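Q: Have a look at this prediction, sequence included:
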Amino acid sequence: MIQDFSQGRLSQVRRALAASTKLLALAALPLLLPAQTTLYGTLSNFDVINDTGQVTHGFEIELYNVNNVAPYTFSGNRYGSAQITPIASGFKLRWASSYDAATQRFTQTTPLAPPNPTATNGHQCVMGTFNYQNSGCEHFGASGSGNLGVSSAAYWLIEDPNNPGQLIRYGQAVAIPMPYWVMQPPIRPAAPPVVAVRINPPIPPPPPAPPVVLGPPPPPPPQFGPAQWMKTYKTENARKVFLDELIADNPIVPEDEAHLETAWDLLQNDRLDVSNGRQRQKRGELGGNSEAVVRRFEFYKYSGPVDPVTGQALCADLTCSAPSPGELGGFIGAQNAAANINVPANFPVTVTVSGDGQVSSSDQVIRCPGVCTQTLPKGTFVTLTAKAGKGVFTGWTGACTHTALVCTFKLSSEATATATFVIPVRLSTKVNGLGTILADQAGTSFLPGTVVTLTASPSPGNAFISWGDACAGTQLTCTVTMDTAKTVTANFTGGVAPVPPTSYKLILKTAGGKGTITTNPAGTSFAAGTVVQLTATPDPGFTFTSWSGACVGNAPACSVTIKADTTVTATFIK
């Protein structure tokens with residue numbers, strides 16, 4: 001089983017962003033998997049606002065309890081890719097500006113964000129986007145081939161006033177809600193696995209140590225941390241979700257009310273609760289053939305009253321199940337998270353035959369008409385072969401879209417393939433008087449719908465009079481659409497027609513690959529009216545595909561009636 005977590009940027013539809021917002025997406029999340037599964041990796045991608053009150057020259061993330069980190073970090077910012085350094089129980093990712101000793105300046109600077117910044121929309125903090133240089137925000141991210149850790153901390157980097165050319169961290173690390181994914185056993189035998197995500201309330205940083213003074217000790221910090229409202233949206237996907245897809249207004253990210261999973265949860269850390277009783281969990285079975293669960297978490301300020309001593313939110317409904325009037329504050333931020341699950345899946349392959357023909361699979365399970373459906377594991381290469389009966393094979397639709405007899409594809413989801421066969425229709429011509437009828441296409445049998453242009457050619461000293469049967473009028477040309485078998489008569493003036501030759505040539509050609517054409521009766525010159533049976537035989541390693549000239553279709557056998565010098569071509573492929 002393969003699983004990874006990805007997170008994206010702010011929603012474009014949320015227009016308000018509190019000035020106090022520090023980090024606009026989740027840091028790395030842990031994944032806890034059953035013993036028989038394999039962890040594929042985790043991803044983290046976020047925007048961050050520079051609200052430090054001064055310019056910065058880099059950014060730093062520490063990942064704790066990390067298995068390993070893949071060599072990818074997001075580089076679409078002014079600092080490029082991060083330097084990855086092992087630390088105790090994890091890794092440090094450092095995006096930093098170089099320092100010009102001659103000018104005694106850092107070469108790259110993130111300006112201070114303007115007051116009351118607007119929502120980043122997940123795009124303006126990336127190199128090359130509008131107003132990036134002056135936006136006061138950056139976009140950072142990392143991916144890991146294993147677990148990216150249970151927790152993380154992020155810091156802006158500023159110039160060390162006591163050591164020119166050196167960078168130090170600014171202030172406290174930002175505390176934000178930290179979800180992590182858990183794979184749980186199926187609820188029922190043979191049921192899909194359960195994918196759960198847990199969210200812990202943000203833990204505020206400890207207050208600075210008070211100065212040592214005589215007198216009573218200072219009061220302890222409040223029991224409860226800051227409260228936030230959380231709204232959760234959820235969708236599932238039949239394929240893996242990638243990091244760069246988790247951006248604002250991408251259809252893969254759930255944002256519509258139809259995708260709402262939980263309208264409101266209140267997050268608030270309780271310092272005295274060691275049982276994670278205020279942890280929130282979202283869980284559910286994967287539906288159908290889903291391979292990814294995508295959730296969007298939106299966070300809003302709690303603006304209602306709090307206990308003056310403990311700091312606990314005092315919701316009007318007493319349960320804090322939804323904000324009452326006056327309790328829903330401004331929008332803080334949004335996180336887009338995805339878990340990719342490689343669930344072994346089987347998909348049906350359904351074959352439809354239109355017309356007179358047959359389709360068989362390479363393992364001969366499908367022989368349609370008859371058995372037309374087979375269920376196979378995802379990733380199987382399926383080979384189907386069309387064989388014409390009385391009809392002519394004209395092509396595939398569905399999983400294949402070509403005219404070759406063999407259709408091969410890799411099964412990634414439910415698949416259908418339709419093979420179409422048609423029966424050619426015959427065009428017969430008659431001549432009264434002295435003259436001939438010329439056609440712009442060779443042969444007398446045509447696929448339904450073929451348009452044939454006929455031209456009346458009188459013998460010397462004679463004249464064309466008119467058309468009859470399927471054609472009418474006195475113009476020399478006539479156009480016939482071969483939707484059914486048709487007969488066309490051309491009427492000419494004149495007496496006795498010249499004696500036709502006693503025999504005509506049958507010219508045989510091959511094209512494409514290697515093969516032979518045999519005739520019955522044998523020979524290359526035949527009397528008028530002789531019916532000659534032709535058979536196309538491919539050489540080893542080649543396949544016969546089609547006739548052209550006086551023969552049409554995909555069947556290896558063809559018959560022609562010798563009325564004039566006749567050319568037939570057989571096409572082979574390797």
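A: Okay, I see it.
Q: the strands in the stretch 451-574 of the chain, which residues?
A: 464-469, 477-482, 486-492, 503-512, 515-520, 525-527, 531-538, 543-549, 557-561, 566-573 (DSSP state E, counting those that start in this stretch).
Q: Rebuild the ones you listed as a markdown table, extending it with mean pLDDT and distance to residue 432.
A: In this view, the C-beta of every residue, glycine as well, is placed from N, C-alpha and C. Output for the strands of the stretch 451-574 of the chain, formatted as a markdown table (pLDDT from 0 to 100; distance: least, C-beta to C-beta, whole Å):
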| stretch | mean pLDDT | distance to residue 432 |
| --- | --- | --- |
| strand 464-469 | 91 | 8 |
| strand 477-482 | 92 | 15 |
| strand 486-492 | 92 | 5 |
| strand 503-512 | 90 | 22 |
| strand 515-520 | 92 | 33 |
| strand 525-527 | 89 | 24 |
| strand 531-538 | 92 | 25 |
| strand 543-549 | 90 | 28 |
| strand 557-561 | 92 | 20 |
| strand 566-573 | 91 | 24 |
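Q: Reformat these as TSV; add distance to residue 351 and mean neighbour count.
A: TSV is the format used below for the strands of the stretch 451-574 of the chain (distance: least, C-beta to C-beta, whole Å; neighbours: other C-beta atoms under 10 Å):
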stretch	distance to residue 351	mean neighbour count
strand 464-469	41	16
strand 477-482	28	16
strand 486-492	33	19
strand 503-512	27	16
strand 515-520	28	15
strand 525-527	41	14
strand 531-538	25	17
strand 543-549	20	20
strand 557-561	25	16
strand 566-573	23	20
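Q: show me what contacts the most centrally placed residue in the chain?
A: What sits nearest the mean C-alpha location of the chain, by C-alpha atoms, centre = their mean, is residue 239, with 7.2 Å. Contacts for residue 239 (C-beta atoms under 8 Å, 6 or more residues apart in numbering) come out as 291, 292, 412.
Q: Just among these, which is most surrounded?
A: residue 292 (25 neighbours; other C-beta atoms under 10 Å).
Q: Look up how far residue 378 lies from that residue.
A: 14 Å (C-beta to C-beta, to the nearest Å).
Q: ditto for residue 439
A: From residue 439 across to residue 378, the span is 51 Å (C-beta to C-beta).
Q: Likewise for residue 360?
A: Separation of residue 360 from residue 378 (C-beta to C-beta) stands at 22 Å.
Q: how's the protein carved up into domains?
A: Under the assignment automatic domain parsing, the domains of the chain span 4-203+222-340, 346-422, 425-492, 503-573.
Q: got the residue ranges for the helices in the stretch 101-250 of the chain?
A: In the stretch 101-250 of the chain, the helices defined using DSSP state H, counting those that start in this stretch lie at 132-135.
Q: Can you pull the poorly scored residue ranges out of it?
A: Applying pLDDT under 70 to the stretch 101-250 of the chain flags the ranges 116-126, 141-151, 173-215, 217-220, 243-244, 246-249.
Q: one more time with 90, if that's ok
A: Counting by pLDDT under 90, the stretch 101-250 of the chain has low-confidence residues at 112-155, 171-250.
Q: residue boundaries of the strands in it?
A: Under DSSP E, counting those that start in this stretch, the stretch 101-250 of the chain gives strands at 105-106, 137-144, 151-159, 167-169, 178-184, 194-200, 228-237.
Q: one step back: and the contacts of residue 239 as JSON lines, adding secondary structure?
A: Formatted as JSON lines, the contacts of residue 239 follow (DSSP: H, G, I helix; E, B strand; the rest coil):
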{"residue": "291", "secondary structure": "coil"}
{"residue": "292", "secondary structure": "strand"}
{"residue": "412", "secondary structure": "coil"}
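Q: min pLDDT across those, which one?
A: Within those, residue 291 has the lowest pLDDT, namely 73.
Q: And residue 59, how far from residue 108?
A: Remark: distance between residue 59 and residue 108 (C-beta to C-beta) = 11 Å.
Q: Look up phi and psi at residue 61.
A: With angles defined as degrees, to the nearest 10, residue 61 sits at phi -130, psi 130.
Q: Now do the contacts for it.
A: 27, 82, 92, 93, 140, 142, 152, 153, 154, 155.
Q: if I look at the third one, how far off is residue 76?
A: As judged by C-beta to C-beta, residue 92 and residue 76 stand 21 Å apart.
Q: ok, now the fourth one?
A: When C-beta to C-beta is the yardstick, residue 93 and residue 76 sit 15 Å from each other.
Q: So for the two, which sits in the more crowded spot?
A: Using other C-beta under 10 Å, the more surrounded residue of residue 93 and residue 76 is residue 93, with 25 against 16.
Q: so what does the strand or helix carrying the more buried one touch, helix or strand wise?
A: Using DSSP states H and E, the element containing residue 93 is strand 90-96. When contacts are defined as 3 or more C-beta pairs under 8 Å, 6 or more residues apart in numbering; DSSP states H and E, strand 90-96 sits against strand 58-64, strand 83-87, strand 137-144.
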